[in-house]
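Trainee: after the sequence you'll find the predicted model.
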Amino acid sequence: MDYVELNLLEMLDTYGEEKLQKILSRFICPQNIDVENFIQTKAINFARQRIAMTYLVFSDDNQPEFVGYFTLANKFVSVTGKALSKTLQKRILKFSQYDAELDRFLVSMPLIAQLGRNFNPALSASIPVSDLLTIACGKVREAQFIIGGKTVYIECASNAKLYDFYSASQFVQFGQRNRDIDEVAESAILVQMLKYFRD
């Protein structure tokens with residue numbers, strides 16, 4: 001199945017807030033309340049302020065259905081050198097400031113801040129989360145073709161299933177952080193993982 005991603009701000013301009021909010025209210029993700037809460041209560045405001053840009057993903061057929069979404073933001077992140085292989089350290093160095101005393105790279109890179117499938121039982125279409133991640137990474141690559149860069153990172157709950165999923169997609173762990181007070185997460189610790197695009 002093919003999918004189409006639409007920028008939330010463009011949808012806001014086209015349909016208006018009331019109609020867009022109705023679309024967003026149909027998003028259900030019982031596995032991750034933070035993902036559901038963000039799209040329903042924060043995504044529009046974050047996009048208006050340019051804090052983070054959300055893309056809604058629809059099935060590309062006669063009756064498009066809202067099957068998932070992702071949110072991108074640009075962040076500075078500190079990466080400990082010892083967390084990376086020597087090869088990855090060399091690659092990251094091109095896009096970062098290195099502090100030899102602290103053995104840390106300060107990197108500006110896109111964050112896939114939210115990634116969520118819509119589990120609404122009324123849907124006849126769905127999207128594998130691996131496809132959703134591929135679409136999100138593709139959007140990051142589009143931006144990097146314009147502004148440069150070859151890395152992206154995610155933060156996920158400290159959960160073996162999520163860790164294995166992102167590892168299988170060539171993400172490597174570089175750190176962790178405590179979740180913020182306003183974040184609803186299944187664990188108090190968020191694992192930070194990055195991907196280097198080789199092509």
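Mentor: Arrived safely.
Trainee: tell me where the model's unsure across the protein.
Mentor: For the chain, applying pLDDT under 70 flags the ranges 182-186.
Trainee: for the protein, which helix is longest?
Mentor: Scanning the chain for the longest helix, with DSSP state H as the assignment, gives helix 129-147.
Trainee: all helices for the protein, in order.
Mentor: Using DSSP H, helices in the chain cover 8-15, 17-24, 33-41, 43-48, 86-93, 129-147, 160-168.
Trainee: touching the shortest one from outside, list them.
Mentor: Contacts to helix 43-48, defined as Cβ atoms under 8 Å, 6 or more residues apart in numbering, come from residues 8-9, 12, 17, 20-21, 24, 52-54, 69, 71, 114. From N, CA and C alone the C-beta is placed, and that goes for glycine too.
Trainee: any idea how far the closest residue in space to V129 that isn't next to it in sequence lies from V35?
Mentor: Closest residue in space to V129, ignoring its immediate chain neighbours: R117 at 5.6 Å, by Cβ to Cβ, 6 or more residues apart in numbering. Here the criterion is Cβ to Cβ, to the nearest Å. By it, R117 lies 9 Å from V35.
Trainee: common neighbours of these two, please.
Mentor: Residues touching both R117 and V35 (Cβ under 8 Å, 6+ apart): C29.
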